[in-house]
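[1] Would you be able to build a 3D model of this:
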Amino acid sequence: MGYTASGVKSALWLSLLHGFLFLIADSGTESPQDHTTMDISSRHFRAEFLQEWQGSPDAPYFDPSTPRNITGLVGHPVRLLCRVKNLQNRTVSWVRHRDIHLLTVGRYTYTSDQRFEAQHKPRSEEWALRIRSPQRRDSGQYECQISTTPPIGHAVFLNIVEPETIISSGPELFLQAGSTINLTCTVRHTPEPPSSITWTHGEQVINFDSARGGISLVTEKGLKSTSRLLVQRATGSDAGVYTCGPNNAPPAATRVHVLSGEHPAAMQQGCAKSKLDITTSILCCLITLYILRKPTISNLQFGT
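    Numbering: from 1, shown residues only. Below you'll find the model as predicted:
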């Protein structure tokens, strides 16, 4: 029985080898006409189905002048745009890269998120994706695609920002009595320049014509608005929290410490009580050590 099984296996192998050799021999006997037919079919397939648009003068393409970086504001509609030349019978779609989500096809919206909308005017080269009430999570890359084979795309990066207010001195400012308190507030990413920027000291609104005197305010409005507060000849009563409050952005605050004869203890107390980041804490401690080592310097400045 063992010999019979071995013989059957050998016969099967020989049969398979014979069939393989037959196929090779048969493929070598094709007529020139067969080769010509296959060549024509191959070229036809590439031209018709693979759409070799790269070398064609009437192939669709994107207008390279279309912006690739768009900045929008939270809650304010934003519009991503692509311009397509020689579109012919192709279709334009918008895809979100974050989750490879198809958002629009032609003039139709293909997402359940009603904030997204396809926009196109008949006979126009512009194909837009409009986002109503965008949020920070909508930031990222989007792609306008033409339905060639393979598809070609125009990438657009969207950055959604929120209005912000920053005081350049950071959360804490230390200065010696008699110095000038110099605070600069910057407001950016607002839909329009703020109509007003108010400074407060504690709960009291600062007015440059107040009875204290020595106070000046300089405000410049634009895409990035700034307001500069100067309080001359600072005293202990000028210490405390200063807040910059634009009317169309969140406020920002900083705590001012006016140091007198017992300034090392005051600084140590400020370092302990304030919520500082690591960098500010280290700076605070270094200044304290410096003062402790050189107590005789009377004109030491910690602010301008």
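[2] in the stretch 51-200 of the chain, which ranges drop under the pLDDT threshold?
    51-57 (pLDDT under 70).
[3] how about the strands in it?
    For the stretch 51-200 of the chain, the strands defined by DSSP state E, counting those that start in this stretch cover 61-62, 69-73, 78-85, 92-96, 101-105, 108-109, 116-119, 126-131, 140-146, 152-161, 164-167, 172-176, 181-188, 197-201.
[4] Dump those strands to a markdown table, plus mean neighbour count and distance to residue 239.
    Every residue, glycine included, has its C-beta placed from N, CA and C. Below are the strands of the stretch 51-200 of the chain laid out as a markdown table (neighbours: other C-beta atoms under 10 Å; distance: least, C-beta to C-beta, whole Å):
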| stretch | mean neighbour count | distance to residue 239 |
| --- | --- | --- |
| strand 61-62 | 16 | 59 |
| strand 69-73 | 14 | 36 |
| strand 78-85 | 18 | 44 |
| strand 92-96 | 22 | 51 |
| strand 101-105 | 17 | 54 |
| strand 108-109 | 14 | 57 |
| strand 116-119 | 18 | 51 |
| strand 126-131 | 20 | 46 |
| strand 140-146 | 20 | 45 |
| strand 152-161 | 18 | 34 |
| strand 164-167 | 18 | 16 |
| strand 172-176 | 21 | 9 |
| strand 181-188 | 20 | 9 |
| strand 197-201 | 20 | 9 |
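[5] mind putting those in CSV, distance to residue 253 included?
    Compiled in CSV, the strands of the stretch 51-200 of the chain are given as follows (distance: least, C-beta to C-beta, whole Å):
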stretch, distance to residue 253
strand 61-62, 47
strand 69-73, 23
strand 78-85, 31
strand 92-96, 38
strand 101-105, 41
strand 108-109, 43
strand 116-119, 38
strand 126-131, 33
strand 140-146, 32
strand 152-161, 21
strand 164-167, 7
strand 172-176, 11
strand 181-188, 10
strand 197-201, 9
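[6] Of these, which is nearest residue 223?
    Of all the strands of the stretch 51-200 of the chain, strand 181-188 sits nearest to residue 223, with 7.3 Å by C-beta to C-beta.
[7] ok, and what's touching that closest one?
    163-169, 173, 175, 194, 197, 199, 223-231, 234, 238, 242, 244, 246, 249, 252, 254, 256, 303-304 (C-beta atoms under 8 Å, 6 or more residues apart in numbering).
[8] got it, and stretch 125-138?
    Here stretch 125-138 has contacts from 63, 72-85, 87, 92, 94, 103-104, 114-120, 142, 144, 158, 160-162, using C-beta under 8 Å, 6+ apart.
[9] May I have it as PDB, with CA atoms only?
    Presented in PDB, the C-alpha positions along stretch 125-138 are these (Å, rounded to 0.1, in the frame of the first residue of the first chain):
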ATOM      1  CA  GLU A 125     -15.400  77.400 -11.100                       C
ATOM      2  CA  GLU A 126     -15.700  77.800  -7.300                       C
ATOM      3  CA  TRP A 127     -16.600  74.900  -5.000                       C
ATOM      4  CA  ALA A 128     -16.900  75.900  -1.400                       C
ATOM      5  CA  LEU A 129     -17.400  74.200   1.900                       C
ATOM      6  CA  ARG A 130     -19.200  76.400   4.500                       C
ATOM      7  CA  ILE A 131     -19.100  75.700   8.200                       C
ATOM      8  CA  ARG A 132     -21.600  77.400  10.400                       C
ATOM      9  CA  SER A 133     -20.600  78.000  14.000                       C
ATOM     10  CA  PRO A 134     -17.200  76.300  13.800                       C
ATOM     11  CA  GLN A 135     -15.600  75.000  17.000                       C
ATOM     12  CA  ARG A 136     -11.900  74.400  17.900                       C
ATOM     13  CA  ARG A 137     -12.400  70.700  17.200                       C
ATOM     14  CA  ASP A 138     -13.100  71.600  13.500                       C
END
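[10] Please enumerate the helices of the protein.
    Along the chain, the segments classed as helices by DSSP state H run 2-27, 32-48, 263-273, 278-293.
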